[in-house]
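Chemist: pasting a predicted model and its sequence here:
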Amino acid sequence: MASYAAVLSLMNTLNQINKHPSPPISLDPEQLQSLTQNLTFFQDFLERHSSTGEEDGDVLESRIAAAAYAAEDVIESHIVDRIHAGSNISTVDLSQGLQEMNLIKNEVMEIKKVKNMGDQNYDQLYTYPSVSASAWQNSTMVDLEIDEDLLFEVLDKLIGQCDFRIIPIVGMGGIGKTTLVRNIYRKPLIVEHFDILVWVTISQQYSVSQILLEVLSQESKGSEISESELGERVHKKLWGRRYLIVMDDIWSNESWDKVKSFFPNNNNGSRIMITTRLSNLAFDLSGSQVIEMDFLDENESWNLLCEIVFGKELDSPSELENIGMEIARNCRGLPLSIVVIGGFLKKSNRTQAHWKDTLQNLNSLINLEHEEYCLQILRMSYKELPIHLKPCFLYLGVFREDYEFHVSYLIKLWVAEGILRPAANKMLEEVAEECIEELIDRNLILVYDLRWNGKIKVCKIHDLLRDLCIKEAQKQSFLRVLKHERGVDIPECMNMERRICIHHHIQEEYSPEFFHALESASLARSLILTWDWRIELQSLSCRLLRVYSEVQENSGNGSVEAIFQNANLRCLIIDLNLDIISRIPSWMILWNVQTLKIDNQYYNPIIAPPEIWEMSLLRHVIISILELPDPVGGENDLILKDLQTLSYVRNFKLSQEVIKRIPNLKTLKLNYEIFDGRTECVDCSVKNFGHLKKLQSLNLVVNALVFFDGVHQRYSVQNMSLPHSLKKLSLRGTMLNWEECSTKIGSLPLLEYLRLDASACCGQEWETVEGQFCSLKFLQIIECDELKYWRTDSTHFPRLENLLLQNIEELEEIPLSIGDIPTLELIELENCSTSVEDSAKRIRAEQVELGNEDLQVIFCVSESFDLQFQKTKIGDKYYWCAAHRLAPRFLEMPW
């Protein structure tokens with residue numbers, strides 16, 4: 001696997017150099033051709049004949065990896081040296097590396113002859129189908145047939161008595177503890193019984209503050225509140241209310257002891273549910289209430305395997321039944337093992353021979369202990385992965401235990417690492433999405449949340465699979481994960497490590513050893529931190545770094561200028577505390593940067609230099625507040641063909657010149673704050689939106705004043721043009737009249753999501769007509785204060801699913817015809833007039849009379865107006881709901 005990743009990485013590096021309009025080095029044409037031919041040969045060989053654990057194959061693959069790494073080191077070292085020296089372009093000599101590659105190539109060809117591996121006997125190249133995101137539920141959580149006695153036992157403990165109880169669920173990893181609790185946690189009976197429900201994941205490495213913040217449903221980023229103060233807030237929030245708190249994956253009494261005093265005993269039936277692998281811990285916490293998870297019996301195991309491989313509707317082929325039952329039996333009743341083996345069998349040939357091979361491999365593991373046995377089963381599934389998926393899977397080891405990672409973040413890392421196999425006519429981000437869907441379909445990744453459009457947003461990996469990733473990745477020198485626990489060996493030297501990840505804060509006693517080890521990592525391409533103490537990169541020798549990412553709980557205070565001196569960076573993801581405006585002297589040193597994601601906690605702008613328009617390989621620029629200079633025109637203006645995301649840009653003039661340079665932009669977020677009446681930049685931008693033919697998501701915020709008739713007035717956007725490619729539109733402060741909303745926005749054929757926020761539209765009356773908003777699924781209207789009359793018909797929003805109205809106090813009612821929209825699932829109201837609430841109740845009542853009980857109407861009452869929006873699951877569906885940052889969300893159901 002490491003050899004395949006190394007080959008892809010080098011090919012990606014060569015492609016970066018070739019497509020760059022002004023590459024920092026030149027490559028001899030003959031050497032480049034020879035190198036490309038060798039790499040293509042190795043890629044083809046590895047895809048057709050990847051090692052299955054044979055010693056000869058492993059040695060050969062290791063040599064391929066070493067040769068590719070060596071060539072890449074020579075090329076990138078030369079690039080960095082030249083950039084820092086400011087010297088002219090020079091040619092790199094790759095003769096030594098080519099000599100080694102030619103030797104390996106000759107050996108491979110001899111092996112092919114000996115094994116008679118002609119093209120006619122090659123296996124078909126692996127392909128992977130596109131998996132519909134609608135299948136996410138099957139991969140998120142397998143519907144285990146929960147024993148009715150166990151179910152009633154848990155429910156009785158939860159709602160049967162009025163005293164305060166701790167209910168531990170105990171069992172080994174992968175047995176289904178979290179699945180059981182989450183299924184029960186979501187039941188309508190439980191949701192209705194408890195006033196407050198909170199889910200907190202603890203894990204081996206935990207933070208008391210983080211636990212308390214999760215109970216408060218508050219983001220931890222930038223928080224400086226003490227543990228005691230957080231505890232007081234938790235106690236106040238829970239006092240007098242019936243609450244259910246799930247503490248998932250506890251590993252020690254200590255984690256419970258540090259927070260238990262903050263959970264009040266209200267004598268009203270409040271519950272704490274705990275999942276743990278440790279029986280002694282469970283009985284220490286609540287001996288009489290412990291629920292022990294049993295393994296599945298043979299019938300349950302076989303039924304689960306059939307459901308995964310063949311689906312709920314299909315019967316298993318009779319010729320596979322006996323073998324399949326034996327495979328299920330050999331999974332020892334452990335659901336995770338069955339799920340992973342099932343995911344593998346689902347994607348492989350359904351023949352007796354193949355299933356017998358799988359059974360034989362399982363039989364060889366029969367004497368191992370349960371957890372090690374499970375790990376070996378998972379390893380089997382890993383080894384059977386198509387080789388292009390193996391680096392992607394092992395890369396998941398960069399995430400700390402129980403971390404819920406955003407798919408968009410993972411994709412940016414994969415692209416920057418150069419470990420994706422390119423596909424014709426597809427952007428690398430599309431290839432990455434297909435890889436993620438394939439891993440999900442194989443039950444190697446769990447889906448945790450979806451986007452508004454049904455696409456996968458957040459995922460998670462089971463900790464046993466994560467352990468497998470780390471062990472395999474370290475074994476193949478693909479990824480090194482450093483920990484700080486006592487007794488863990490810290491490597492003295494890491495001069496051969498390519499990717500380094502530090503998951504937790506380094507205790508002071510270990511700091512010198514860690515820094516000494518990091519100082520030796522001269523060939524490292526990636527440094528990913530998930531802790532709260534920044535490394536000063538200039539103090540390390542990681543001069544070839546491609547990826548620097550901080551996924552941490554608290555923001556750092558490092559020097560932006562120092563970070564931007566890493567000439568080989570492709571992906572920079574970092575949080576900063578900059579209390580002043582920062583101007584980067586020059587970004588041109590970053591010759592091949594792809595992703596810049598900088599979050600400044602003080603929301604002071606970062607000012608980009610003019611050279612940003614010369615950074616030809618940019619794909620995503622996401623900065624909390626970015627000020628962009630106008631591009632300097634010329635005869636050979638550079639086109640940023642790969643740029644897909646630009647956010648959040650302040651007071652920027654989106655001129656025709658700019659439009660020409662960003663033809664493939666998909667996501668754009670603009671913010672205008674103008675108080676001197678000079679609105680030329682806004683006027684120009686809104687007029688040119690329509691020329692962005694690939695734009696899918698637009699977020700426009702306008703806070704501007706103009707001087708008219710001797711007084712300052714709110715600026716109203718005029719002559720806005722929108723591209724027909726738009727799928728998501730968010731407007732704030734634009735002051736459009738409602739007629740423009742209907743004609744200009746309603747005519748967008750692909751628009752699925754519309755958010756009108758804080759005077760996005762003005763006027764008392766909104767009347768729609770048929771033929772508008774034909775694809776709209778989500779409509780949010782927030783603080784459009786003047787709206788009083790809304791006249792519409794069910795045919796005007798034929799696909800609407802969710803309607804949210806917030807702080808619309810003048811609106812008299814929701815049109816009753818809204819309830820007749822066949823796709824409508826949710827109406828949510830927040831701080832609206834009584835008449836609007838009454839109309840929502842009437843809509844619901846009419847639909848119930850007509851037999852439509854699926855429509856939900858929710859009234860959200862918050863303790864203040866400091867609101868954010870989150871996607872919330874109600875029953876089996878996800879909805880957008882308002883959520884208070886500090887206080888819980890109260891749902892008032894009128895029936």
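Modeler: Alright, I've got the coordinates. Numbers count the residues shown, from 1 in each chain.
Chemist: list of residues touching stretch 687-696?
Modeler: For stretch 687-696, contacts defined as CB atoms under 8 Å, 6 or more residues apart in numbering pick out 654-656, 659, 662-668, 698, 719-723, 725-728. (C-beta placed from N, C-alpha, C; glycine too.)
Chemist: thinking residue 20 is in contact with residue 616, fair?
Modeler: Yes - between residue 20 and residue 616 there is a contact under CB atoms under 8 Å: 6.0 Å.
Chemist: look at these two and report which has more neighbours.
Modeler: residue 616 (18 against 15; other CB atoms under 10 Å).
Chemist: pLDDT score for the more buried one?
Modeler: As predicted, residue 616 sits at a pLDDT of 90.
Chemist: for the stretch 251-400 of the chain, which spans come out with low pLDDT?
Modeler: 287, 312-314, 363-371, 373 (pLDDT under 70).
Chemist: what about the helices in it?
Modeler: Applying DSSP state H, counting those that start in this stretch to the stretch 251-400 of the chain gives helices spanning 253-257, 279-286, 298-310, 318-330, 335-346, 352-363, 370-383, 390-394.
Chemist: switch those over to CSV; also include mean neighbour count and distance to residue 694.
Modeler: Formatted as CSV, those follow (neighbours: other CB atoms under 10 Å; distance: least, CB to CB, whole Å):
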stretch, mean neighbour count, distance to residue 694
helix 253-257, 15, 48
helix 279-286, 16, 54
helix 298-310, 19, 38
helix 318-330, 17, 47
helix 335-346, 24, 35
helix 352-363, 15, 43
helix 370-383, 19, 37
helix 390-394, 25, 26
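Chemist: pull the longest helix from the chain.
Modeler: Identified as the longest helix of the chain according to DSSP state H is helix 55-85.
Chemist: average pLDDT across the helix or strand just after that helix?
Modeler: Downstream of helix 55-85, the first helix or strand assigned by DSSP states H and E is strand 91-92. Computed over strand 91-92, the mean pLDDT rounds to 84.
Chemist: show residues contacting strand 91-92.
Modeler: 25, 26, 27, 28, 74, 75, 78.
Chemist: one more time with 6 Å, if that's ok
Modeler: Strand 91-92 has contacts (CB atoms under 6 Å, 6 or more residues apart in numbering) with 25, 26, 27, 28, 75, 78.
Chemist: okay, and the beta partners of the second one?
Modeler: Which is residue 26. Beta-bridge pairing for residue 26 (DSSP bridges): residue 91.
Chemist: what is the burial count for the closest residue to residue 453 other than its chain neighbours?
Modeler: Leaving out its chain neighbours, the residue that sits closest to residue 453 by CB to CB, 6 or more residues apart in numbering is residue 752, at 6.0 Å. When neighbours are defined as other CB under 10 Å, residue 752 has 20 of them.
Chemist: look up how far residue 800 lies from residue 752.
Modeler: Plainly put, residue 752 is 10 Å away from residue 800 if you go by CB to CB, to the nearest Å.
Chemist: one step back: now a ChimeraX select for only the buried ones of the contacts of strand 91-92.
Modeler: Buried residues among the contacts of strand 91-92 (16 or more other CB atoms under 10 Å), as a ChimeraX selection:
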select :25,27,75,78
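Chemist: quick check, nearest of the contacts of strand 91-92 to residue 678?
Modeler: Closest approach to residue 678 among the contacts of strand 91-92 (CB to CB): residue 25, at 45.0 Å.
Chemist: next, the buried residues of the longest helix of the chain.
Modeler: The neighbour-count check on helix 55-85 (16+ other CB under 10 Å) flags 57, 60-73, 75-80, 82-83 as buried.
Chemist: same question, stretch 400-413
Modeler: Applying 16+ other CB under 10 Å to stretch 400-413 flags 400, 401, 402, 403, 405, 407, 408, 409, 410, 411, 412, 413 as buried.
Chemist: out of those residues, which are inside helices?
Modeler: Per DSSP H, the buried residues of stretch 400-413 map to helices at 407, 408, 409, 410, 411, 412, 413.
Chemist: and which of the contacts of strand 91-92 is nearest residue 163?
Modeler: Nearest member of those to residue 163, counting by CB to CB, is residue 75, at 68.8 Å.
Chemist: who's in contact with the closest one?
Modeler: Going by CB under 6 Å, 6+ apart, residue 75 touches residue 92.
Chemist: how much space is there between it and residue 420?
Modeler: 19 Å.
Chemist: what's the answer for residue 396, then?
Modeler: Using CB to CB, residue 396 is found at 14 Å from residue 420.
Chemist: sorry, back to before: got the helices of the stretch 251-400 of the chain as JSON lines, with distance to residue 200 columns?
Modeler: Shown next, in JSON lines, are the helices of the stretch 251-400 of the chain (distance: least, CB to CB, whole Å):
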{"stretch": "helix 253-257", "distance to residue 200": "10"}
{"stretch": "helix 279-286", "distance to residue 200": "15"}
{"stretch": "helix 298-310", "distance to residue 200": "28"}
{"stretch": "helix 318-330", "distance to residue 200": "34"}
{"stretch": "helix 335-346", "distance to residue 200": "22"}
{"stretch": "helix 352-363", "distance to residue 200": "36"}
{"stretch": "helix 370-383", "distance to residue 200": "24"}
{"stretch": "helix 390-394", "distance to residue 200": "28"}
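Chemist: how about the nearest residue to the residue nearest the centre of the chain, chain neighbours excluded?
Modeler: Of all residues in the chain, the one closest to the mean position by CA atoms, centre = their mean is residue 406, 1.2 Å from it. Closest residue in space to residue 406, ignoring its immediate chain neighbours: residue 458 at 5.8 Å, by CB to CB, 6+ apart.
Chemist: which elements pack onto the strand or helix carrying that neighbour?
Modeler: Per DSSP H and E, residue 458 falls inside strand 456-460. Judged by 3 or more CB pairs under 6 Å, 6 or more residues apart in numbering; DSSP states H and E, the packing partners of strand 456-460 are strand 446-450.
Chemist: quick check: the gap between the closest residue to residue 449 other than its chain neighbours and residue 446.
Modeler: Sequence neighbours aside, residue 458 is the residue nearest to residue 449 in space, at 3.9 Å (criterion: CB to CB, 6+ apart). Applying CB to CB, the value for residue 458 to residue 446 is 10 Å.
Chemist: now residue 826. Its backbone dihedrals?
Modeler: phi -150, psi 130 (degrees, to the nearest 10).
Chemist: follow-up on the earlier one: so what strands line up beside the strand holding residue 458?
Modeler: Strands adjacent to strand 456-460 in the sheet, as given by DSSP bridges, are strand 405-406 (antiparallel), strand 446-450 (antiparallel).
Chemist: got the CA positions of the longest one in PDB?
Modeler: Right, strand 446-450. Output of strand 446-450 as PDB, limited to C-alpha atoms (Å, rounded to 0.1, in the frame of the first residue of the first chain):
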ATOM      1  CA  LEU A 446     -19.800   5.500   9.900                       C
ATOM      2  CA  VAL A 447     -22.000   8.400   8.800                       C
ATOM      3  CA  TYR A 448     -22.900  10.800  11.600                       C
ATOM      4  CA  ASP A 449     -24.600  13.700   9.900                       C
ATOM      5  CA  LEU A 450     -25.900  14.900   6.500                       C
END
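Chemist: could you check the angle helix 335-346 makes with that strand?
Modeler: 90 degrees (axes from the mean of the first three to the mean of the last three CA atoms, to 10 degrees).
Chemist: for strand 446-450, buried residues please.
Modeler: Applying 16+ other CB under 10 Å to strand 446-450 flags 446, 447, 448, 449, 450 as buried.
Chemist: still on that earlier bit, tell me which of the strands paired with strand 456-460 lies nearest to residue 299.
Modeler: When these are compared by CB to CB, strand 446-450 sits nearest residue 299, at 25.4 Å.
Chemist: dump the residue contacts of residue 195.
Modeler: 241, 242.
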